[in-house]
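In: from the sequence below, what's the structure:
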Amino acid sequence: MPKKTMYALGIIAILLLSSYFYFFNTDEEKVAITSEVKRGVFKNEVIISGEAQSTSLKKIKGPANLRKFKLRDIKIQDLIPEGTVIKAGDYVGRLDPTGVNEQIIDARLNLETAQSKYTQQKLDTTLTLKQERNAIKDLEFNMEETRLELKQSIYEPPATIRKLEINLEKLERDLRERKENYAIKKRQAQAKMVEVGTEVSKINKQLKALKDLLASFTIYSDSNGMLTYAKNWRGDKKKVGSTISPWDPTIANLPDLTKMESKTYANEVDIRKIKKGLPVKIGFDAFPDIELDGIVTSVANVGEKKQGSDIKIFQILIELTKTNENIRPGMTTSNRILTSSKEDVLTVPLEAVFSKDSISFAYVKAGFSVTKKQLQLGESNNDVVIVEKGLKEKDVVYLTKPEGYEEKSIKLLGND
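Out: Next up, the predicted model:
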């Protein structure tokens, strides 16, 4: 090989090695992180976590007539574990019977008092009416004696006869009054007996109702299913030690596992993008390999305050178009709501976009140099942004500012 050729090859090799060490130095401080401009489908998604729940469930409730007995805030004394599969008639739980037992004791005491009054009234009535009947009989005997005397006095002086006639008339009048008084007293006695008898009957009914109520404090299921705990107005699960009220006596639910949805909340920024009918991909923290399709079925128009914060959140319901036997109510869901999609667009990572004086630009690799190009941007998501003007497919852009080019002027659009 000629010496000149060898000399030239040696120079080329040195230049190549120098270029390699200059541009591809693996030192951490000099490595430039780059990315290519890609053409393809752009998806804008809102990703929010939620909770799986059934769209159809049966409620297992405590007694419905607590208000009738002026009972409130009844404690749950026992409750089977959440997730237990039960059948109709199976034991579910028990409520604290303290309040009912106190009323039963009071009712029994009242019943004893009422029964005592009934017995006393019955005896008084019997005695009073007996005295009245005896008085009537005495008058009837007196009248009979007077009639006999009058019959035997036909030969007595007229004055004596008249006196006997007057006595007889008086006895007849007294007898009529006694009979009328007897009838009145009998009606009075009957009314009093009805009154005390009604009180006894009323307390008996109350006592029976309290015993029935006490029996209903032991709760059984009326359907088959998997039990889940109900929640109170604060969103806390009702469990042993929690209370139920007459206005919300539900203690547990039996969800229909074939009809499931994801309940989630979006902030004020994201809620503007979300509408009914949008498709959703739903993942589950408990089963990372399961992803199901869903659709937004409800978007709240009015926000609510997040507990412990002034941030407003809006409730969203997402129906699962298909379900899986492993999915259970209460599982944490990851919901990727597709708010918009565009075909055949150029995108770059968000880190590749810089700004100065309200001008967006990118550092673009141009051979062994770098160019700062102005960009016209479109929609963005959490990862990438659409580039409408300023870049071409497969252009290489820097994700960090390359050293020495910060002061370089920006190549504006239209100056290509």
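
In: just give the closest residue to the residue nearest the centre of the chain, not the sequence neighbours.
Out: Centroid check for the chain by C-alpha atoms, centre = their mean gives Lys231 as the closest residue, at 4.7 Å. Nearest non-adjacent residue to Lys231, counting by C-beta to C-beta, 6 or more residues apart in numbering: Lys237, 5.6 Å away. Heads up, the C-betas are built off the backbone N, CA and C, glycines and all.

In: surely that neighbour and Ile251 touch.
Out: No - at 10.4 Å, Lys237 does not count as touching Ile251 under the criterion of C-beta atoms under 8 Å.

In: so what sits against both of the two?
Out: Overlap of the contact sets of Lys237 and Ile251 (by C-beta atoms under 8 Å, 6 or more residues apart in numbering) consists of 229-230.

In: in the stretch 301-416 of the chain, mark out all the strands, start to finish.
Out: 304-305, 312-320, 332-349, 354-356, 359-366, 369-374, 376-380, 384-389, 396-398, 410-411 (DSSP state E, counting those that start in this stretch).

In: what packs against the host helix or strand of Asp212?
Out: Asp212 belongs to helix 158-216 when elements are defined using DSSP states H and E. If you count contacts as 3 or more C-beta pairs under 8 Å, 6 or more residues apart in numbering; DSSP states H and E, helix 158-216 packs onto helix 98-152.

In: if we can go back for a sec, can I get the strands of the stretch 301-416 of the chain in a markdown table with mean pLDDT, distance to Lys186 and mean neighbour count?
Out: A markdown table is the format used below for these (pLDDT from 0 to 100; distance: least, C-beta to C-beta, whole Å; neighbours: other C-beta atoms under 10 Å):
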| stretch | mean pLDDT | distance to Lys186 | mean neighbour count |
| --- | --- | --- | --- |
| strand 304-305 | 86 | 70 | 10 |
| strand 312-320 | 94 | 72 | 20 |
| strand 332-349 | 94 | 78 | 17 |
| strand 354-356 | 91 | 106 | 12 |
| strand 359-366 | 92 | 107 | 18 |
| strand 369-374 | 91 | 113 | 18 |
| strand 376-380 | 92 | 97 | 15 |
| strand 384-389 | 94 | 101 | 19 |
| strand 396-398 | 94 | 112 | 19 |
| strand 410-411 | 86 | 116 | 17 |
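
In: in JSON lines, list those strands along with distance to Ile105.
Out: JSON lines is the format used below for the strands of the stretch 301-416 of the chain (distance: least, C-beta to C-beta, whole Å):
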{"stretch": "strand 304-305", "distance to Ile105": "45"}
{"stretch": "strand 312-320", "distance to Ile105": "47"}
{"stretch": "strand 332-349", "distance to Ile105": "48"}
{"stretch": "strand 354-356", "distance to Ile105": "79"}
{"stretch": "strand 359-366", "distance to Ile105": "80"}
{"stretch": "strand 369-374", "distance to Ile105": "87"}
{"stretch": "strand 376-380", "distance to Ile105": "71"}
{"stretch": "strand 384-389", "distance to Ile105": "73"}
{"stretch": "strand 396-398", "distance to Ile105": "83"}
{"stretch": "strand 410-411", "distance to Ile105": "89"}
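
In: quick check: which of these is nearest to Val100?
Out: The closest of the strands of the stretch 301-416 of the chain to Val100 is strand 304-305. By C-beta to C-beta, the value is 36.8 Å.

In: now the residue nearest to the centre of the chain, what are its backbone angles?
Out: The phi/psi pair for Lys231 (degrees, to the nearest 10) reads phi -120, psi 150.

In: who has more neighbours, Lys237 and Ile251?
Out: Between Lys237 and Ile251, Ile251 has the larger neighbour count (other C-beta atoms under 10 Å), namely 24 against 13.

In: okay, buried residues for the helix or strand in which the more buried one is found please.
Out: Using DSSP H and E, Ile251 maps to strand 250-255. For strand 250-255, the neighbour count (16 or more other C-beta atoms under 10 Å) marks 251-255 as buried.

In: in a markdown table, list these along with pLDDT and distance to Lys58.
Out: Listed next are the buried residues of strand 250-255 as a markdown table, based on pLDDT from 0 to 100; distance: C-beta to C-beta, whole Å:
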| residue | pLDDT | distance to Lys58 |
| --- | --- | --- |
| Ile251 | 91 | 12 |
| Ala252 | 92 | 10 |
| Asn253 | 90 | 7 |
| Leu254 | 90 | 4 |
| Pro255 | 88 | 8 |
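
In: pretty sure Val353 is touching Ser360, no?
Out: Yes - in terms of C-beta under 8 Å, Val353 counts as a neighbour of Ser360; the distance is 5.6 Å.

In: overlap in contacts, the two.
Out: With C-beta under 8 Å, 6+ apart as the test, Val353 and Ser360 both reach 375, 377.

In: wait, doesn't Lys306 sit right on Phe314?
Out: No - look at Lys306 against Phe314 with C-beta under 8 Å: they stay out of range, at 10.6 Å.

In: where do the contact lists of these two overlap?
Out: Tyr265.

In: contacting residues around Glu343?
Out: Applying C-beta under 8 Å, 6+ apart, the residues contacting Glu343 are Val41.

In: swap the cut-off to 10 Å and go again
Out: Glu343 makes contacts with 39-42, as judged by C-beta atoms under 10 Å, 6 or more residues apart in numbering.

In: with Val299 instead?
Out: 266, 271, 274-278, 314-317 are the contacts of Val299 under C-beta under 10 Å, 6+ apart.

In: of these, closest to Thr347?
Out: Of those, the one sitting nearest to Thr347 (C-beta to C-beta) turns out to be Leu278, at 21.0 Å.

In: count the neighbours of the closest one for me.
Out: 19.

In: show me what contacts it?
Out: 45-46, 294-296, 299, 316, 318, 337-340.

In: how far away is it from Asn382?
Out: 17 Å (C-beta to C-beta, to the nearest Å).

In: how many neighbours does Ala215 have?
Out: For Ala215, using other C-beta under 10 Å, the count is 11.

In: can you check Ser116 too?
Out: Ser116: 12 surrounding residues under other C-beta under 10 Å.

In: gap between the residue nearest to Lys231 and Tyr229?
Out: From Lys237 to Tyr229 the distance is 4 Å (C-beta to C-beta).

In: shared neighbours of those two, anything?
Out: Counting by C-beta under 10 Å, 6+ apart, the residues touching both Lys237 and Tyr229 are 82, 252, 330.
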